[in-house]
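**Q** All I have is the shape, not the residue letters:
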């Protein structure tokens, strides 16, 4: 969102403006990052603090996860919930813990909270699986910033028994400073990094990809390669996946088109990944 806010502090101020007495009765705040702790320190609202920090009001502990989802315990003064959510990654643990705490604060019975989180379906374009009958995992995610790429790939790392294969690309006519950082983030957490096109808009997609690759190449041991055509990149990633691997196709998520010079051309990462699986003789489900 730094395309729309000048810097992180401006972005923080925009979000913090929601936490005012005319808008909110109770603030439920994740204190596992610096901005959450800053918000907790400055709000005048009654607050419930959530996080891994043992001093939180609602403490997250015992996180265990795999490609099928994540399990953890959420403990407060008078409640202890054993939560299983069919979503990968510690960031989804944080999201689930915040949602659970809000629901409890609104008077939802604990049993209903646990049932509700267990019934969550795949979120379109957010660690969304492209299911098939092979022995590896294919996921599509909207991650398109250095931090988001790091979080998603680390989630893949903790769940994979094999390699993490990443397909990433940076958008055109947007924050250029993040491109090299995206490349660096990818090669730090993926075993295989394929850099491709992602909504080039009015820019040359090859030039954008090389800017991402410069960041990747600055990391010792990088083997990142550029395949500018996004379809070819996805097919290449899926073709080399082996049992236990996780293929993460990042950047577009739920989007169904690629923007090029003012026109949107049909393109859906999920459908292209399914085609790539079919080309291997695997049956998407």
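**A** Sure thing, it's come through. Please read these numbers as outputs of a predicted model, since none were measured by experiment. Residues are numbered from 1 along each chain as shown.

**Q** So which residues of the stretch 51-200 of the chain form helices?
**A** 90-105, 110-118, 146-159, 178-189 (DSSP state H, counting those that start in this stretch).

**Q** Kindly reformat those helices as CSV and extend each row with mean pLDDT.
**A** Output for the helices of the stretch 51-200 of the chain, formatted as CSV (pLDDT from 0 to 100):
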stretch, mean pLDDT
helix 90-105, 96
helix 110-118, 98
helix 146-159, 93
helix 178-189, 97
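
**Q** Among those helices, pick out the one with the most neighbours on average.
**A** Looking across the helices of the stretch 51-200 of the chain with neighbours counted as mean count of other Cβ atoms under 10 Å, the highest average goes to helix 178-189: a mean of 24. (C-beta placed from N, C-alpha, C; glycine too.)

**Q** Touching it from outside, list them.
**A** 2, 144-147, 149-150, 153-154, 156-157, 164, 166, 168, 170, 193, 195, 208, 211-219, 221-224 (Cβ atoms under 8 Å, 6 or more residues apart in numbering).

**Q** Mark which of the residues you listed are buried, thanks.
**A** 144-146, 149-150, 153-154, 156, 164, 166, 168, 170, 193, 195, 208, 211-213, 215-217, 222, 224 (16 or more other Cβ atoms under 10 Å).

**Q** Just the ones in strands from those, please.
**A** Residues from the buried ones among the contacts of helix 178-189 lying in strands, with DSSP state E as the criterion: 164, 166, 168, 193, 195.

**Q** In a markdown table, list these along with distance to residue 102 and pLDDT.
**A** Converted to a markdown table, those look like this (distance: Cβ to Cβ, whole Å; pLDDT from 0 to 100):
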| residue | distance to residue 102 | pLDDT |
| --- | --- | --- |
| 164 | 32 | 98 |
| 166 | 33 | 98 |
| 168 | 33 | 98 |
| 193 | 37 | 98 |
| 195 | 38 | 98 |
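
**Q** Now compare those residues and name the two farthest from each other.
**A** The two members of those with the most space between them (Cβ to Cβ) are 164 and 195, at 15.1 Å.

**Q** and the most centrally placed residue in the chain, what does it touch?
**A** Nearest to the mean C-alpha position of the chain, by Cα atoms, centre = their mean, lies residue 152 at 4.5 Å. For residue 152, the contacting residues are 89, 127, 141, 143, 248, 250, by Cβ under 8 Å, 6+ apart.

**Q** Tell me the one among the residues you listed nearest to residue 67.
**A** residue 127 (9.9 Å).

**Q** can I assume the closest one is in contact with residue 90?
**A** No: contact criterion Cβ atoms under 8 Å: residue 127 and residue 90 do not qualify, at 11.8 Å.

**Q** and residue 133, how many neighbours?
**A** Residue 133: 10 surrounding residues under other Cβ atoms under 10 Å.

**Q** That one contacts residue 285, doesn't it?
**A** Yes: counting by Cβ under 8 Å, residue 133 does reach residue 285; the two are 7.0 Å apart.

**Q** neighbours around residue 82, how many?
**A** Residues near residue 82, counting by other Cβ under 10 Å: 11.

**Q** From residue 62, how far off is it?
**A** Separation of residue 82 from residue 62 (Cβ to Cβ, to the nearest Å): 9 Å.
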